Every structure is written in structure tokens, then in C-alpha cells.
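> Output the structure for:
(one chain, ligands or ions: 2)
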Amino acid sequence: EATVRRIAAGEVVERPASVVKELVENALDAEARTIRVEIVAGGRELIRVQDDGTGIPPDELPLAVERHATSKLHRFEDLARLASYGFRGEALAAISAVSECEIVSRVPDAPYGARLLVRYGRPGRVEPIGAAPGTVVTVRDLFANVPARRRFLRQDATEAALIQRTLAALALARPEVRFELTNDGRTVLATGGSGDLLDALIGVYGAETATQMLRLEEYCAGEIVVQGAVGLPRVSRPNRQALFVLVNQRWVESRTLVAAIEQAYHTLLMVGRYPIGVVAVSLPGDRVDVNVHPTKREVRFADERAVAAAVYEAVRRTLLAHVP
Ligand code: ADP
Ligand code: MG
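Ligands and ions are numbered 1, 2, ... in the order given. Predicted coordinates:
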């Protein structure tokens, strides 16, 4: 049983960044307005995600860490729309199977909170504890019981960079939520939660770069809407890591859409340079399939060419309007 849990965990929790993604998505599902993330040693030693959301009632804490336990009830048709990020009920079970995982939570109208510690899949007792409204999940010594996984992790700086990128994407997708990330005690990302994309851009790229970015005019092609902001060609980067593609508020991996964006920059960028920015596509839920796998950020479109064309057109028009 412990082995089954450990193997299943690998499906959902590949590395520290996937833990951060799952925990932050839970916080967003819980309607948090402020989400603070703290990591130590690339997330290997510690990952803490604190939110001010709806919390977990004490009697539901043990359930929350069980496999296939989800409070987010979905009828089959709902899966196509996916209003909330989580629906499998696997993340907390998986994370707590491969770490020392502490959950402290308080539902806002309760006078105090509750704490549950799960050590490598073995839950302790739920204890009352004084706590602010919301939830704090602390993950220590990730993969200490799965040497193969632990060996597969990259250097702390690389894991930390991946976590920062994950959080940047989430912050850009949800400008109305306040995000903060500290890495070994240093704040590396902070947004204000004002709801203005520029706020999130400043948090992710810094004020100087963010204020020079070109806002995409909202571009519609049928039911496809493209929004976002892209960098001036001269603030390009030597890799693709500062470009985020979002589909229905989810960060996705799409070679096709990245290629469409780069195509729009085609004659403006030097060889080996890549554009920065965030391109957010919205389209009806039945025209797209995101998150087909818990860790791979794949996306499938009913009409990929139409989406790519819309993205290309939105970026090209913006560049034409701003770049002499
Ligand atoms: P899922 O998100 O797919 O439902 P998880 O394993 O990620 O599964 O979480 C299990 C359950 O624990 C959730 O359905 C939710 O009820 C509860 N939960 C987890 N994190 C939070 C949080 N930050 N705030 C409120 N409830 C939470
Ligand atoms: Mg979840």
C-alpha cells in the first residue's frame, strides 16, 4: 500500500515545482486573495504555501490527504469546463506520501484552526491550533523516502527557477490575486493583486521591463480571444523562459502557439533571441482540452490552426502599431 502510494505520487509530483503548482492551485480553488509561497533549497528542504481562502474544516483534514478525495464535486460534463483547477483529489495524497507534510487550516468563521501532520503517507491526529483564516501547507524533505526521485532533481537554483516560472505564470493568469514568492528568504516575485495585468507584469518582470511592454489590444477571432502583453523586440532573451502562453487561465506548453508568437516577431528579432511576455488565449471550454496529464502542461485544440492564426495576428498587429 505504501509502495502503491509512492508510485502514484510520482505521477502527480515530479519535482518541487509541481508541488508548488498543485498547492497554489488549491489555494486559488479556495478563493484565496493572497498567496504566499516560501521555498528553501530549491524546494527540497521546504515548500510552504499560505493562503487566506475558505480553509478546510478539522473533520475534513484526514479526507483531504486521502487518494481520490476531492471536495470539488464534478459531474462528468463539468470536467469539460473545469471551473476549478483541481478535480482528481490526488495532489495532497501524493505530496504527503513523499514528504513530511503539515496542514494547518482554519475556516474563517471558526474560532481556531486545526493541524494535521502526515509523515510519508502516515497521518497523525488532527489537533486544534491557533491559526489565521485560510490554509498553510508546509512540505519538508520532499522525496526523502524516494531516493530515485531525489537523485533526479536538478541543482537547487534550477529547481528554484522552475518554481519561480510556475508562480509567474499563475500570477500572470490571475492578476486579481496577490502573490509572493521568497526563495531562501529573499523575495523574488511579488504582485499586488489589483487585477491590473500591469501589476502582475511588474511583479514578474520588474518595473522597468514591465512598463515598456506592449499591451495586446484585445483581439477576437470568432470565439477565440487573445489578450496579454509582449516585450519590445530589443528586450528579447536568449531563451524562451520569459514567455508564457496561457489558455483559459492555465499555463500551457504549446510549440505551435510559441511558434506563432515568434513568427510575428520574425523580422524584428536577431537570430537566437526570443520574445518575452504573456499571451492569454480564451476560448469555449469544449474547443480545448488542457491539463490532460497532471504534470505535463499539454493542450489540445479542436482547431489549432485557428488559435495559432489568432495569436499571430494579435501579436503582429501590436508590433506593427508600436514598432517603427
Ligand atoms: P483536488 O484539488 O483535486 O480536489 P487535492 O488533493 O489537491 O485534490 O486536495 C484535496 C482537497 O483538500 C480539496 O478538494 C479541498 O477540499 C481541500 N484543500 C486542499 N487545499 C486546500 C486549500 N488551500 N484551501 C481549502 N481547501 C483545500
Ligand atoms: Mg488540487
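
> Just list whatever residues bridge to the closest residue to ligand 1 within the stretch 101-250 of the chain.
Among the residues of the stretch 101-250 of the chain, residue 135 lies closest to ligand 1, at 3.7 Å counting by Cβ to the nearest ligand atom. All C-beta spots, glycine's among them, are computed from the backbone N, C-alpha and C. Beta-bridge partners for residue 135, by DSSP bridges, are residue 51, residue 105.

> and it, what does it touch?
26, 27, 30, 50, 51, 53, 55, 56, 103, 104, 105, 106 (Cβ atoms under 8 Å, 6 or more residues apart in numbering).

> Looking at it now. What's its pLDDT?
Looking at residue 135, its pLDDT reads 98.

> got it, and the one 4 residues further on?
With respect to pLDDT, residue 139 scores 98.

> is the host helix or strand of it anywhere near ligand 2?
If you go by DSSP states H and E, residue 139 is part of strand 134-140. No - between strand 134-140 and ligand 2, judged by Cβ under 5 Å from the ion, nothing touches; the nearest distance is 10.7 Å.

> Toward the C-terminus from that strand, list the very next helix or strand.
Criterion used, DSSP H and E; the element after strand 134-140 is helix 147-152.

> how near is residue 213 to residue 232?
Distance of residue 213 to residue 232, given as Cβ to Cβ, to the nearest Å: 7 Å.

> and these two? which has more neighbours close in?
residue 213 (22 against 17; other Cβ atoms under 10 Å).

> That one - nearest residue in space that isn't next to it in sequence?
Leaving out its chain neighbours, the residue that sits closest to residue 213 by Cβ to Cβ, 6 or more residues apart in numbering is residue 229, at 4.4 Å.

> Let me know the secondary structure of that neighbour.
When classified by DSSP: H, G, I helix; E, B strand; the rest coil, residue 229 comes out as strand.

> just checking, it touches residue 218?
No - Residue 229 lies out of contact with residue 218 (Cβ atoms under 8 Å); the separation is 11.7 Å.

> Looking at the two, which is more packed in?
Taking neighbours as other Cβ under 10 Å, residue 229 and residue 218 compare with residue 229 leading, 22 against 11.

> Now do the helices in the stretch 101-250 of the chain.
Under the criterion DSSP state H, counting those that start in this stretch, the stretch 101-250 of the chain contains helices at 147-152, 156-173, 197-205, 207-211.

> quick one: which of these is nearest residue 247?
helix 156-173 (9.7 Å; Cβ to Cβ).

> Report all helices and strands that that closest one contacts.
Applying 3 or more Cβ pairs under 8 Å, 6 or more residues apart in numbering; DSSP states H and E, we find helix 156-173 packed against helix 16-29, strand 34-40, strand 178-183, strand 186-190, helix 197-205, strand 243-247, strand 250-251, strand 277-282.
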